[in-house]
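# Everything below, folded, please.
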Amino acid sequence: LQFLYLRLNNFSGDLLGSIGNLRSLEAIHIAKCNVSGQITSSLRNLSQLFFLDLAKNSYRGTIKLDVLLTSWKNLEFLALSLNRLSVLTKATSNTTSQKLKYIGLRSCNLTKFPNFLQNQYHLLVLDLSDNRIQGKVPKWLLDPNMQNLNALNISHNFLTGFDQHLVVLPANKGDLLTFDLSSNNLQGPLPVPPPGTIHYLASNNSLTGEIPSWICNLNILESLVLSHNNLSGLLPQCLGNSSDELSVLDLQGNNFFGTIPNTFIKERRIPRSLINCSKLEFLGLGNNQISDTFPSWLGTLPNLNVLILRSNIFYGIIKEPRTDCGFSKLRIIDLSNNIFIGTLPLKSFLCWNAMKIVNT
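Residues are numbered from 1 along each chain as shown. Just a heads-up that it's a prediction; the model follows:
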């Protein structure tokens, strides 16, 4: 037997008990099978293994990963995420002969960055999220030689910063890149992502400074989530021109001030904004210091579902729409804790039809 594919079933019990006797196995895919038990050292016998996916089961106990890796010389894909495991790694290890491409160790009770990841320049995906890793992100993880990386997820740890001053996130030269740094205690300025980034998530940290101009070079960006940091300054005027794929922009809970960038307006001088913002679904600007009138011009965004402006300095009268109501897809609007005056425009509430639809 060379390939064992059992994923997406509802088995019970331990499927790995005697699997170490199948020495010709090259691939094991038992993800999402509801199986349990322990990952035993007998798996060292599987010297031909190149693919191992045990994610989203109920395996438990402690696994000495370095010991297993010394036997799995051909391993390229390793997924142990979302079990009940505690993965131990040594301070030093020698896995440079391996060409690991996918590492999934989410929720594996890691307390430090696994040293075996050093010099793994073939990595495409690295997920170390939801662990207990403390301290700074090591310099070797940001090595420019990590030129194949498509996705890096180090969210939901206890990280405080980066082990170098100018932080440029490593990745391949292509597109469709994802970086999730959220829910740590990262300090300092925003790390610089490559131009091909589509998801840049860094919420719930302690990042400081302004949003740099390089944000406008991310011309295929779909999600920019920087909420609940200590960022400040003016919002870059180029935000609305940066990407025609932008669907989520969440800047809540910072210290931004000024006005909403004019480039979000579709009937202004920059016609490209009509295209660039057409996919925006979520716009969160709450809990900042933005001073502006009600942005009725956002009503031309054809896919806007959520508009959060709470706890800013929005002011003035919210005027009745003259013709078309706009905001055709709007389901949630939060204007609380501003200094608007006058009466709410009844016509808007009558014709914001998306709010009247109840999903069944």
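# Can you pull the poorly scored residue ranges out of this structure?
Low-confidence regions of the chain, defined by pLDDT under 70, span residues 91-97, 258-276, 359-360.
# quick one, helices of it?
65-69, 272-276, 346-351 (DSSP state H).
# Now do the contacts for the closest residue to R23 other than its chain neighbours.
Nearest residue to R23 in three dimensions, chain neighbours excluded: N45, at 5.4 Å (C-beta to C-beta, 6 or more residues apart in numbering). Placement of C-beta: from N, CA and C, glycine included. Neighbouring residues of N45 by C-beta atoms under 8 Å, 6 or more residues apart in numbering: 20-21, 23, 71.
# Phi and psi next, for R310.
The main-chain torsion angles of R310 are listed as degrees, to the nearest 10 and equal phi -60, psi 150.
# Count the neighbours of it for me.
R310: 17 surrounding residues under other C-beta atoms under 10 Å.
# how much space between it and S348?
R310 sits 18 Å away from S348, going by C-beta to C-beta, to the nearest Å.
# What of F158?
On the measure of C-beta to C-beta, F158 and S348 end up 45 Å apart.
# same thing with Q2?
Q2 is 64 Å from S348, by C-beta to C-beta.
# for Q134, same thing?
Q134 is 49 Å from S348, by C-beta to C-beta.
# Tell me which of the two has more neighbours.
S348 (19 against 13).
# buried sites along stretch 223-233?
223-229, 231 (16 or more other C-beta atoms under 10 Å).
# next one: stretch 305-317
In stretch 305-317, counting by 16+ other C-beta under 10 Å, buried: 305-312, 314.
# can you check stretch 231-249 too?
Neighbour-count burial for stretch 231-249 [16+ other C-beta under 10 Å]: 231, 235-249.
# Hmm, S296 and K319 touching each other?
Yes: counting by C-beta atoms under 8 Å, K319 touches S296, with 6.9 Å between them.
# Show me which of these two is the more surrounded one.
Ranked by neighbour count (other C-beta under 10 Å), K319 and S296 place S296 first, with 17 against 13.
# contacting residues around that one?
So S296 contacts 318-319, 321, 326 (C-beta under 8 Å, 6+ apart).
# Let's have those residues in a markdown table, adding distance to L110.
Shown next, in a markdown table, are the contacts of S296 (distance: C-beta to C-beta, whole Å):
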| residue | distance to L110 |
| --- | --- |
| I318 | 50 |
| K319 | 54 |
| P321 | 53 |
| G326 | 48 |
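# filter those residues to the buried ones?
By neighbour count, with 16+ other C-beta under 10 Å, these hold 318, 326 as buried.
# for the contacts of S296, which one is nearest I39?
G326 (56.0 Å; C-beta to C-beta).
# From N131, how far out is F162?
17 Å.
# For the residue nearest in space to the middle of the chain, which residues count as its bridge partners?
Nearest residue to the geometric centre of the chain (C-alpha atoms, centre = their mean): D180, 3.4 Å. Here D180 sits in beta bridges with N153, L201, going by DSSP bridges.
# Quick check: the gap between it and L110.
D180 is 16 Å from L110, by C-beta to C-beta.
# likewise Q38?
As defined by C-beta to C-beta, Q38 lies at a distance of 18 Å from L110.
# Pull the contacting residues for N353.
S328.
# please redo it, this time with the cut-off set to 7 Å
Neighbour list for N353: empty [criterion: C-beta atoms under 7 Å, 6 or more residues apart in numbering].
# Now for I30: which residues touch it?
6-7, 15, 53-54, 57.
# ok, now with 6 Å
By C-beta atoms under 6 Å, 6 or more residues apart in numbering, I30 lies in contact with 6, 15, 54.
# Buried ones only from the residues you listed, please, as a ChimeraX command.
A single ChimeraX command selects the buried members of the contacts of I30 (16+ other C-beta under 10 Å):
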select :15,54
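# Out of the contacts of I30, which comes closest to S213?
L54 (44.1 Å).
# Tell me the buried residues in the strand of greatest length in the chain?
What stands out as the longest strand in the chain, according to DSSP state E, is strand 58-64. For strand 58-64, burial by neighbour count (16+ other C-beta under 10 Å) applies to 59, 63.
# Mind giving me the packing neighbours of it?
Applying 3 or more C-beta pairs under 6 Å, 6 or more residues apart in numbering; DSSP states H and E, one finds that strand 58-64 contacts strand 84-88.
# Could you list the paired strands of the strand it packs on along with their orientation?
Assessed with DSSP bridges, strand 84-88 is paired to strand 58-64 (parallel).
# Can you give the contact residues for the strand it pairs with?
Counting by C-beta under 6 Å, 6+ apart, 36, 38-39, 83-88 sit against strand 58-64.
# do the same with stretch 146-161
Contacts of stretch 146-161 (C-beta under 6 Å, 6+ apart): 121-131, 133-134, 136-137, 170-172, 177-180, 182-188.
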